[in-house]
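Visitor: Fold the following and give me the result.
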Amino acid sequence: MLNLAMRGPRSHPTTSRIHGRRWRDFDFFMLITTVVLMIFSAFAIWSADGGGSLSFENLGVRQAVFGVIGIVMLLVLASIDYRLFASVAWLLYGSGLAMLGLVLVPGVGTEIGGAQRWFDLFGITTVQPSEFAKLTTIIGLAAFISSRGPVMKEFSSFLLTIVIAAVPMLLIVAQPDLDSALIFGVIWLAMMLVTHTRRIYLVGAAIVGPIAVILAYALVLQPFHRERILQFLGLLEDPLGIGYQATQAQLSIGSAGWTGFGLAGGTQSVFNFLAVRESDFVFAHAAAMFGFIGMVALLLAIVILLWRCLCVVEMARDSFGQLLAAGITGILFVQAVVNIGMNVGLLPVAGIPLPFISQGLSSLWAFLFAEGILQSILVHHRKLGFQPE
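Guide: Model prediction:
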């Protein structure tokens with residue numbers, strides 16, 4: 001008896017086996033791919049910001065520090081049962097809306113380049129609430145749709161999903177940030193494709209969608225947005241004006257050859273012809289650094305990450321988890337396609353960050369939080385209990 005008392009309490013062996021089985025499902029392949037992308041990002045941003053010493057003043061070093069902190073938070077989120085987010089979904093969704101509203105208040109939000117989209121974080125960096133609102137909207141939509149069950153076949157439920165996605169979208173349009181606002185349409189569509197709603201509603205949305213785009217072009221888009229679209233369609237020739245950055249990006253990519261120019265980047269970067277090369281045009285700058293081979297490796301890493309995300313969609317055992325995974329996969333895919341597409345000239349220029357690559361605390365942490373939720377779905381997707389493996 002004395003010996004047993006001196007040993008102290010021990011965890012139950014069955015409980016240890018349950019926790020072991022759960023963490024066995026953690027996708028280390030997804031995490032390693034993400035870390036590789038973040039290392040690539042840190043080098044590219046460090047170079048884009050002028051290289052030099054490895055001080056916190058350099059945006060690349062800062063991105064690496066934020067990335068390490070973000071990975072820790074990813075692991076914390078992975079340890080939390082994702083189903084708990086359903087119970088606080090509306091609190092998170094409401095918090096996202098509150099931040100989008102606060103950033104519009106003069107003196108609270110920070111205005112940069114005529115847009116009021118950021119909070120200043122103690123002079124260290126800025127925080128863009130729209131990036132986190134994407135994730136809170138996904139959680140809110142997932143909770144609503146999964147709670148409706150068969151009632152999602154009713155038209156009223158279908159309309160309510162549009163309202164849930166449209167409210168943050170309209171707040172972001174007011175900043176103005178039309179590019180980010182469109183991502184909420186992608187979130188809605190990706191999640192609706194895995195619901196039990198009637199397909200006729202989606203067909204109707206596909207018919208109304210182009211009409212809404214035409215109205216937005218006429219009534220909502222700023223003049224420079226219209227010029228970007230016209231320039232992309234070849235209806236406006238302005239290579240030294242609205243088309244300048246797109247031209248410089250394509251020159252950076254096209255001149256890099258197989259192996260690129262090294263850490264300094266190409267001529268467009270060295271002589272500052274390529275602007276915002278640490279964020280919107282980081283792909284073009286990285287292409288100049290690492291060439292065609294480096295870009296193929298980057299694209300392969302993104303494809304692997306998307307594949308692992310789709311595996312989570314397939315493995316999710318409940319509607320809430322599947323909807324979360326579908327929404328996260330949707331924004332990862334579309335933002336990667338849009339950013340790379342505009343860099344290579346296949347899409348109009350848009351201020352959409354490249355996931356895990358573009359400089360910025362908000363985008364990086366938002367995607368790391370999202371990946372933490374994906375990992376939680378994998379870790380906790382098995383039923384609790386003592387069923388045989």
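Visitor: To what extent is Met295 buried, counted in neighbours?
Guide: Neighbourhood size, Met295 [other C-beta atoms under 10 Å]: 21. Bear in mind the C-beta positions are built from the backbone N, C-alpha and C, glycine included.
Visitor: now Leu59, nearest residue through space, not along the chain?
Guide: Spatial nearest neighbour of Leu59, chain neighbours left out: Asp49 (4.2 Å); criterion: C-beta to C-beta, 6 or more residues apart in numbering.
Visitor: biggest helix in the protein by residues?
Guide: Determined from DSSP state H, the single longest helix within the chain is helix 282-315.
Visitor: I figured Val186 hits Leu332, correct?
Guide: No: using C-beta atoms under 8 Å, Val186 is not in contact with Leu332, being 10.2 Å away.
Visitor: which one of these two has more residues nearby?
Guide: Neighbour tally, Val186 and Leu332, criterion other C-beta under 10 Å: the higher count belongs to Leu332, 21 against 18.
Visitor: Look up phi and psi at that one.
Guide: Main-chain dihedrals, Leu332, degrees, to the nearest 10: phi -60, psi -50.
Visitor: tell me the phi and psi of the closest residue in space to it that isn't next to it in sequence?
Guide: Leaving out its chain neighbours, the residue that sits closest to Leu332 by C-beta to C-beta, 6+ apart is Pro355, at 5.4 Å. Dihedral angles phi and psi of Pro355 (degrees, to the nearest 10) take the values phi -50, psi 130.
Visitor: What separation do you get for Pro355 and Pro223?
Guide: Between Pro355 and Pro223 the distance is 29 Å, computed by C-beta to C-beta, to the nearest Å.
Visitor: before we move on, what about Arg308?
Guide: According to C-beta to C-beta, Arg308 stands 41 Å off from Pro223.
Visitor: more crowded one of those two?
Guide: Arg308 (19 against 8).
Visitor: My read is that the more buried one contacts Asp27, right?
Guide: Yes: applying C-beta under 8 Å as the test, Arg308 and Asp27 come out as touching, 5.7 Å apart.
Visitor: Strand partners (parallel or antiparallel) of the lengthiest strand in the chain?
Guide: In the chain, taking DSSP state E as the definition, the longest strand is strand 115-121. Looking at strand 115-121 with DSSP bridges, its partner strands are strand 110-112 (antiparallel), strand 125-127 (antiparallel).
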